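A.B. asks: just to be clear, the model below is a prediction. Sequence and coordinates:
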Amino acid sequence: MNSKTEYDVVIVGAGIAGAIVAYELGKAGKKVLILEAGPAVPADRSKYMDTFFKAAAKTPESPYPPATQNAVANSLDNPLGLPDPSTENTPRYTVLQVDAWRKPTQCYFDYPPQDANVSGTSLNAKFAFASSYERIGGGTTWHWLGTCLRLLPQDFELKTLYGQGVDWPGGEQFYQDLVPFYEKADQEINVAGDKQRMQRLYEQFGVDPSGTYGAHYDFPMPGIVPALQDRVYEHATLGMKYEGNEVYVSPTPQGRNSRPGERRQCAGNTNCIPICPIQAKYDATVTLARALQTGNVEIRYQHVASNIQLDSTTQQVCAIDYISYTHANGIATGQGSVTGKRFVLAAHAIETPKLLLMSNKNPGFENGVANSSDQVGRNLMDHIMYLGWGLAEKPIYPYRGPLSTGGIESLRDGDFRKQRSAYRIEIGNEGWQWAANDPGTTLADFIFGQNNSQLNGNSVNQQGQELRLDDNLPANSKLFGQQLVQTLNQAYTRQLRLGYLIEQLPDANNRVELSSTLKDNLGLPRPKVTYRLASDYERKAFVSAKQITTELFTQLGATEYTQDPGEPNLSNAEDASATKFQYQDDSGTLHNFKFYGAGHIVGTYRMGDDPATSVLNHRQQSWDHANLYMVGSGVFPTIGTGNPTLTIAALAFQGAGHILDDLAGA
Ligand SMILES: Cc1cc2nc3c(=O)[nH]c(=O)nc-3n(C[C@H](O)[C@H](O)[C@H](O)COP(=O)(O)OP(=O)(O)OC[C@H]3O[C@@H](n4cnc5c(N)ncnc54)[C@H](O)[C@@H]3O)c2cc1C
Ligand code: SF4
């Protein structure tokens, strides 16, 4: 194929959403072109593994281009050596940039200034966005965890049931219509799960399991062997209730092979984020390869979509402009336009709205394409995460198996959603890696006599308990040899971590706009991101998460190590309290919190029933331009209580069906 080929469909973005649409259309004999901003999927993953091994900081993004850190940390002002995004052709936001949020030469996003005199409790305080994504062939699933939960029917009608947020178009019916596509998504990702134990959860929330699964459905792969600590939590939560709901552990359905198949079986080496060395974990390169094998799909890597052209008479999309490059930091080496009958944007929830907003030269659409509602870029959401961590009484041997194999799903819905956000609790199996940068922190503490982990000093936890790991050792011990190994073994084998995925309400002022001052190396504007925790609804859920963490650790006989992050100083631009906030509860107690990002970037081009308040109709089709579709988590009106990607995949299958109907003139 060449650029004169008449494509049926042009897709922007080769992540899971774009790959599924391409695969479905390619199978149906449609000619498809994908424009992908990032580099090609490598023939094998050893180069990415190599980059990961050599990276100083092991973050979700560290294996992937462009580099997340320079080889040498270059200045006091830039101790991590973060590269300048203005020199990169496909910059993206990384977790290392969160604390550099006020430094445009280190952080891809532009952030608006803080209002004067804001405090941590102010609902209009602005924070750094805490979640990241990739811009490479295959997209962000390269470093996803693989958790594959469905949303609950209740998640689709938050407004009707609880008076919060908005409903999805058609409410609960949307869920029912999605069920067959959830099945397809499970099959495509080859989800490993335990149907019987998920049934308990669905029954609790009034979902008819046979309707949920289909008459003969089961997960394509048997469940992954649970981590040892899942069993410990199971035992500890027997008979436990919280605010009327039972508390119990469910094994997590997950996109990794529990048996050898087309790909290898999970070998349990706890490296799923940032990269599975043996591709036991599903990533979108699997579907992308299937799409290309149809013979009807062409992909152009290192082609950055930069503008959407509208036909001035019909107001339909007539072409997408791109800029191409050869080297990640080199000059643009080409530019052009591609045409098709239908267009699909699948560049995820930051870059898709950016592209729509950049396309502001079309007469009558000066606010950007598909933006007559002014909703493009708004309602940016994430699962804002609370982390709690502790030390079990006896070894529970984390760091063996995937990063998480179980969770507490039974608190995902209830009448409490009138007052506060729901959450699911992920049981972490990677010790204190996320919570406290372990194993490095504890190792450094016992070598250099520090106490950053609170294991080697005179720290006291929030419940007043002393935290010394080994009473026989003096505070700030400096150890070596066998004693060091034995001490570390006492710590690493007992580390517990809980992560709460707290649902965030849509807020029109949480938004992606175009920076008026910052550009990337191709001269394209960088995203300007405004992000707040604009209601007590979410903050109350943090108090609840803090409370139940303590209850769970008490039930377990564990000692809690969750650190109070201290007071934020948001009015000081230099202060790195980018994600610290406070909440004063009804008893007057002031709680300090730090939130983390779940990587679930949601809501910036939402579906709805009303063209005045949404970008897309229930078919994921632009209200303004009938031949333009969008897929990915940007279409979600609310974030719900499950990790988003299974729903993204189901919606991509459903959307592909709509496009095929559309092309057939149905
Ligand atoms: C650390 C981490 C862990 C996660 N774990 C889970 C999990 O366990 N379960 C779960 O459900 N979800 C998880 N997620 C979220 C999940 O990774 C995303 O929801 C999912 O990958 C989004 O898929 P997508 O296809 O919409 O976007 P992406 O995968 O981001 O793909 C978008 C593509 O568009 C391309 N692109 C961008 N701009 C342009 C442009 N201008 N022109 C052309 N192409 C462009 C990009 O290069 C990219 O390839 C996690 C995320 C993170 C960060
Ligand atoms: S535990 Fe290891 S083999 Fe299994 S999915 Fe994670 S990284 Fe891959």
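C.D. replies: Structure received. Numbers count the residues shown, from 1 in each chain. Ligands and ions are numbered 1, 2, ... in the order given.

A.B. asks: so what's the residue count around whatever residue of the stretch 451-600 of the chain ends up closest to ligand 1?
C.D. replies: Per CB to the nearest ligand atom, G599 is where the stretch 451-600 of the chain lies closest to ligand 1, at 2.3 Å. In short, each C-beta sits where N, CA and C put it, glycine included. Residues near G599, counting by other CB atoms under 10 Å, number 22.

A.B. asks: what ranges do the helices span in the stretch 1-150 of the chain?
C.D. replies: Per DSSP state H, counting those that start in this stretch, the stretch 1-150 of the chain carries helices over the ranges 16-27, 46-54.

A.B. asks: what lies in contact with the longest one?
C.D. replies: The set of residues that contact helix 16-27 without belonging to it, under CB atoms under 8 Å, 6 or more residues apart in numbering, is 8-9, 11-12, 14, 32, 34, 36, 138-139, 141, 188, 283-284, 287-288, 290-292, 294-297, 344, 346-348, 631-632, 645, 648-649, 651-653, 655-657, 659-660.

A.B. asks: mind checking which of those are in strands?
C.D. replies: Those of those mapping onto strands are D8, V9, I11, V12, V32, I34, V297, V344, per DSSP state E.

A.B. asks: show me where pLDDT drops low in the protein?
C.D. replies: Within the chain, the stretches with pLDDT under 70 are 1-5, 215, 572-577, 666.

A.B. asks: of the helices of the stretch 1-150 of the chain, which is nearest N458?
C.D. replies: Nearest to N458 among the helices of the stretch 1-150 of the chain is helix 46-54 (36.8 Å), distances taken as CB to CB.

A.B. asks: what about stretch 644-654 and ligand 1, any contact?
C.D. replies: Yes - applying CB under 6 Å from any ligand atom, one finds stretch 644-654 touching ligand 1 at P644, T645, L646, I648.

A.B. asks: next up, the contacts around A289.
C.D. replies: A289 neighbours (CB under 8 Å, 6+ apart): V41.

A.B. asks: same deal with D84?
C.D. replies: T105, Q106.

A.B. asks: got it, and the one 4 residues further on?
C.D. replies: Under the criterion of CB under 8 Å, 6+ apart, the contact list for E88 reads P66, A328, N329, D520, N521.

A.B. asks: how many residues are close by the residue nearest to the second one when sequence neighbours are not counted?
C.D. replies: When you say that, I think you mean A328. Of all residues not flanking A328 in the chain, P66 sits nearest, at 5.0 Å (CB to CB, 6 or more residues apart in numbering). By other CB under 10 Å, the residues close to P66 number 21.

A.B. asks: what do you get for the one 5 residues further on?
C.D. replies: A71 is surrounded by 9 other residues when neighbours are defined as other CB under 10 Å.

A.B. asks: and N307, that's in a strand?
C.D. replies: Yes - counting by DSSP: H, G, I helix; E, B strand; the rest coil, N307 is located in a strand.

A.B. asks: for the residue lying closest to the residue of the stretch 451-600 of the chain closest to ligand 1 once chain neighbours are set aside, what are its contacts?
C.D. replies: Nearest residue to G599 in three dimensions, chain neighbours excluded: S131, at 4.8 Å (CB to CB, 6+ apart). Residues in contact with S131 (CB under 8 Å, 6+ apart) are Y93, D382, G597, A598, G599, H600, I601.

A.B. asks: mind doing that once more with 7 Å?
C.D. replies: Shown in contact with S131 (CB atoms under 7 Å, 6 or more residues apart in numbering): D382, G597, A598, G599, H600, I601.

A.B. asks: if any of the contacts of helix 16-27 are buried, put those into a PyMOL selection.
C.D. replies: A single PyMOL command selects the buried members of those (16 or more other CB atoms under 10 Å):
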select buried, resi 8+9+11+12+14+32+34+36+138+139+141+188+283+284+287+288+290+291+292+294+296+297+344+346+347+348+631+632+645+648+649+651+652+653+655+656+657+659+660
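
A.B. asks: wait, a strand at G634?
C.D. replies: No - using three-state DSSP, the secondary structure at G634 is helix, not a strand.

A.B. asks: right, and it touches M607 too?
C.D. replies: No - the pair G634 and M607 does not pass the contact test of CB atoms under 7 Å, sitting 9.6 Å apart.

A.B. asks: the lengthiest helix in the chain - contacts with which helices or strands?
C.D. replies: In the chain, with assignment by DSSP state H, the single longest helix is helix 536-556. Here helix 536-556 touches helix 228-236, strand 384-391, strand 495-502, strand 559-560, strand 580-584, strand 590-594, going by 3 or more CB pairs under 7 Å, 6 or more residues apart in numbering; DSSP states H and E.

A.B. asks: gap between it and the chain center?
C.D. replies: 22 Å (CA atoms, centre = their mean, to the nearest Å).

A.B. asks: who in this protein is up against ligand 2?
C.D. replies: For the chain, the contact set with ligand 2 under CB under 6 Å from any ligand atom comprises 256, 266-272, 276, 278, 280-281, 401-402.

A.B. asks: one more pass at 8 Å, please.
C.D. replies: Counting by CB under 8 Å from any ligand atom, the residues of the chain lying close to ligand 2 are 146, 256, 264, 266-272, 275-281, 401-403.

A.B. asks: can you select the buried ones among those for me in ChimeraX?
C.D. replies: Filtering the residues of the chain next to ligand 2 down to the buried ones (16+ other CB under 10 Å) takes a single ChimeraX command:
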select :146,256,266,268,270,271,272,275,276,277,279,280,281,401,402,403
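
A.B. asks: on that earlier part again, for the residue of the stretch 451-600 of the chain closest to ligand 1, give its distance to V95.
C.D. replies: 9 Å (CB to CB, to the nearest Å).

A.B. asks: shared neighbours of these two, anything?
C.D. replies: S132.

A.B. asks: grab the most central residue of the chain for me.
C.D. replies: Centroid-nearest residue in the chain: G599, 2.0 Å away (criterion: CA atoms, centre = their mean).

A.B. asks: what strand or helix carries it?
C.D. replies: Per DSSP states H and E: G599 is located in neither a helix nor a strand.

A.B. asks: the strands in the stretch 401-550 of the chain, which residues?
C.D. replies: With strands called from DSSP state E, counting those that start in this stretch, the stretch 401-550 of the chain shows them at 406-408, 423-428, 495-502, 511-519, 525-530.

A.B. asks: now for the first one, which elements pack on it?
C.D. replies: Judged by 3+ CB pairs under 7 Å, 6+ apart, strand 406-408 is in contact with strand 250-251, strand 423-428.

A.B. asks: take these and lay them out in JSON lines including mean neighbour count.
C.D. replies: Below are those laid out as JSON lines (neighbours: other CB atoms under 10 Å):
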{"stretch": "strand 250-251", "mean neighbour count": "22"}
{"stretch": "strand 423-428", "mean neighbour count": "25"}
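
A.B. asks: between those strands, which gets nearest to ligand 1?
C.D. replies: Checking the helices and strands packed on strand 406-408 against ligand 1 by CB to the nearest ligand atom gives strand 423-428 as the closest, at 8.6 Å.

A.B. asks: quick one: strands adjacent to that closest one?
C.D. replies: strand 406-408 (antiparallel), strand 495-502 (antiparallel) (DSSP bridges).

A.B. asks: just want the angle from it to strand 384-391.
C.D. replies: Using axes from the mean of the first three to the mean of the last three CA atoms, to 10 degrees, the direction of strand 423-428 lies 40 degrees away from that of strand 384-391.

A.B. asks: the residue of the chain positioned farthest from its centre and N307, how far apart?
C.D. replies: Residue farthest from the centre of the chain, counting by CA atoms, centre = their mean, is N472 at 42.7 Å. Per CB to CB, N472 is found 67 Å from N307.
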